[in-house]
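Undergrad: Here is the input, now give the coordinates:
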Amino acid sequence: MRKWKKCIWIALGIGFMAVLTVIAVMIGKSFVSPSATVWKEWKPALHKGESIIDGVKEGASAYLIISRKGRRDYGDLLVVLEQKGSRWERVYENDFEELHPWKIEAADVDGDGTQELLTAVNKTAHYDPVLKNRLFVFNYENGILTKKWTGSAFTGEWIDFHVGDLLPIPGSEVIFTEQAGGKKEKLSIYYWFDFGFVKLAESDSYKDIIALTIMKENLLKVTYDKKYKRTAFLTVLDGKIVETASEE
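TA: Prediction:
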């Protein structure tokens with residue numbers, strides 16, 4: 001009888017562990033971001049010791065910021081991958097060690113029909129010795145990387161950027177999250193004009209801006225305040241980014 005009881009308890013224990021394992025797997029999947037899922041496809045193209053800091057997919061091409069030293073804050077290499085069937089093949093790389101890149105996006109900022117690579121870097125500049133975030137814009141065509149714009153700085157100290165077609169003007173706009181004093185932040189929108197970026201509008205201050213979503217033309221959803229996860233809908237009006245009553 002004791003043996004049967006022991007077997008039952010063992011079976012129950014195994015079943016319980018199996019359930020916990022399934023739950024753990026489901027929870028793990030629910031917290032995997034889309035970018036992490038895509039990055040998994042690119043990992044076979046990495047060399048030993050390399051890690052992905054950021055990456056963006058554009059058609060059959062992928063542009064990666066890679067750390068050869070296993071860092072998680074900045075990379076030191078720009079790598080281009082091309083999709084060959086089910087595999088990603090490494091076709092180009094450029095040493096970015098002195099730039100400290102940490103984010104990359106692809107967008108047509110000047111409206112000419114060609115995607116540019118926008119890269120956030122953290123460095124000093126010739127006429128500005130302060131170490132800060134800066135935006136570098138590159139063109140990549142036919143295996144050649146060229147600088148399109150490497151302006152020293154934008155107005156204010158920015159901590160993140162996003163690109164998207166928010167307004168009915170040529171090209172995509174660049175939306176920056178800027179420090180606004182204390183623990184607050186604000187948004188500023190820039191667009192490409194002639195040979196550089198021009199500031200179009202800025203918002204009021206918000207506590208801890210978490211995420212931005214372009215809902216439709218001239219309607220931006222901002223999520224802020226890490227504790228309460230508040231949201232606001234914003235629109236550009238007369239040189240300001242102002243709140244609107246709803247999504248409509």
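Undergrad: distance between stretch 170-183 and the chain's centre?
TA: 13 Å (C-alpha atoms, centre = their mean, to the nearest Å).
Undergrad: what's in contact with it?
TA: Stretch 170-183 is contacted from outside by 107-112, 118, 135, 154-167, 185-192, 197, 200, 202, 205, 207-209, 212, 220, using C-beta atoms under 8 Å, 6 or more residues apart in numbering. Just so you know, the C-beta spots here come from the backbone N, C-alpha and C atoms, and that holds for glycine as well.
Undergrad: try stretch 82-93
TA: By C-beta under 8 Å, 6+ apart, the list of residues contacting stretch 82-93 from outside reads 41-42, 44-45, 60-62, 77-81, 140, 143, 145.
Undergrad: same thing with stretch 236-248?
TA: 166-167, 187-189, 200-204, 215, 218-221, 232-235.
Undergrad: mind redoing it with 6 Å?
TA: Applying C-beta atoms under 6 Å, 6 or more residues apart in numbering, the contact partners of stretch 236-248 are 187, 201, 203, 215, 218, 232-235.
Undergrad: Then stretch 99-114?
TA: By C-beta under 6 Å, 6+ apart, stretch 99-114 touches 53-54, 56, 58, 63, 65, 74-75, 115-123, 163, 170-172, 192.
Undergrad: at 8 Å what do you get?
TA: Under C-beta under 8 Å, 6+ apart, the answer for stretch 99-114 is 53-56, 58, 63-65, 73-76, 78, 115-123, 136-137, 139, 141, 160-164, 169-174, 191-192.
Undergrad: and if you look at stretch 51-63?
TA: Against stretch 51-63 from outside (C-beta under 8 Å, 6+ apart): 35, 38-39, 42-43, 46, 64-67, 70-75, 78-83, 88, 101-106, 115, 117, 140.
Undergrad: Name whatever forms a beta bridge with Leu212.
TA: Val222 (DSSP bridges).
Undergrad: count of neighbours near it?
TA: Leu212: 19 surrounding residues under other C-beta atoms under 10 Å.
Undergrad: unless I'm mixing things up, it is touching Val222, no?
TA: Yes - contact criterion C-beta atoms under 8 Å: Leu212 and Val222 qualify, at 5.7 Å.
Undergrad: Output the lowest mean pLDDT helix or strand found in this structure.
TA: Here the helix or strand of the chain ranked lowest by mean pLDDT, DSSP states H and E is helix 2-30, holding a mean of 39.
Undergrad: Brilliant, that's me finished.
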